[in-house]
Structure formats: C-alpha cells, structure tokens
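In: Any chance you can model this:
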Amino acid sequence: MNALSPISAIAPGTGVAPGAQNTAALAKRGQIQKTAKDFEAAFLSIMMQQMFTATEVSAPFGGGQAENQFRSFLTEAFARETTKSGGVGLADTVAREMLKLQGLEE
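Out: Below you'll find the model as predicted:
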C-alpha cells in the first residue's frame, strides 16, 4: 500500500478518517458544553423562581398580575446571564460527567 491508499486514511476499527473523527469529537464536545450550560441555566432559573416567590413589591413600582406573569422571564434571564458569566460551577461538573459517558474524557 502506498501513502495515498484509501485504506490507510481510515482510523483502525472505526471506518472513519482520522480528521473526520477529530471533527466529530470536537462537535460533540461543543454540544456537550452547550447542553451543560443550558442545564445549569434551567437549574438556576428554577432556584431563582423559588427565591422570588416570597418577594412582595408594593405599588406603584410592582405587584399585580403582570408582574406574576413575567417573573419567570426575569428569573430565566437572570439565570442565563449568571451562567454566561461563569455560573456556579454546575455546568463544568455536568459537562465532565457527560464527556466520561461519551468516552471523550478531558
């Protein structure tokens, strides 16, 4: 076989070219990171919703039906921004475990 043989371009045991395998692994790592951050944001949103249930705001600056309806949007925005700026460390732990399960340890 010469260096340009199609068989030599396949990673042993995978049936996939090495470059494609690395690209697929990178894409999977990126998706895992995104999923872990989304999970952390959802967790923080639920936690913040519970935190705000006891918060009462008096008129003229708050209260009423509209505030109750839109509070979930506010807590979701707080959670996403908290996660974007580093979060509480939950995303890193979740991503590490997901990578282990996929066989892509750091």
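In: so Ala66, which of the three states?
Out: Under DSSP: H, G, I helix; E, B strand; the rest coil, Ala66 falls in the helix class.
In: Looking at it now. What's its pLDDT?
Out: We have a pLDDT of 76 for Ala66.
In: Neighbours of it, how many?
Out: By other Cβ atoms under 10 Å, the residues close to Ala66 number 9. No exception for glycine: its C-beta is placed from N, CA and C like everyone else's.
In: and it, how far is that from Val57?
Out: 12 Å (Cβ to Cβ, to the nearest Å).
In: do Gly64 as well
Out: Here Gly64 is placed at a distance of 9 Å from Val57 (Cβ to Cβ).
In: Likewise for Met48?
Out: As for Met48, its distance to Val57 is 15 Å (criterion: Cβ to Cβ).
In: Check the secondary structure at Arg96 for me.
Out: The assignment at Arg96 comes out as helix when based on three-state DSSP.
In: actually Glu105, not the one I wrote
Out: Strictly by three-state DSSP, Glu105 counts as coil.
In: Could you identify the longest helix within the protein?
Out: Ranked by number of residues, the top helix in the chain under DSSP state H is helix 18-52.
In: Now do that one: which elements does it pack against?
Out: If contacts are counted by 3 or more Cβ pairs under 8 Å, 6 or more residues apart in numbering; DSSP states H and E, helix 18-52 sits against helix 64-84, helix 90-102.
In: List the buried residues of it.
Out: Neighbour-count burial for helix 18-52 flags 29, 32-33, 36-37, 39-41, 43-45, 48-49 (criterion: 16 or more other Cβ atoms under 10 Å).
In: again, but for stretch 81-91
Out: Those would be 82-83, 87, 90-91, for stretch 81-91 by 16+ other Cβ under 10 Å.
In: what's the closest of those to Phe70?
Out: Minimum distance to Phe70 across the buried residues of stretch 81-91 is 18.5 Å, recorded for Thr82 (Cβ to Cβ).
In: which residues does the closest one contact?
Out: 41, 44, 88 (Cβ atoms under 8 Å, 6 or more residues apart in numbering).
In: Then Val94?
Out: 35-36, 39-40.
In: One more pass at 7 Å, please.
Out: 36, 39-40 (Cβ atoms under 7 Å, 6 or more residues apart in numbering).
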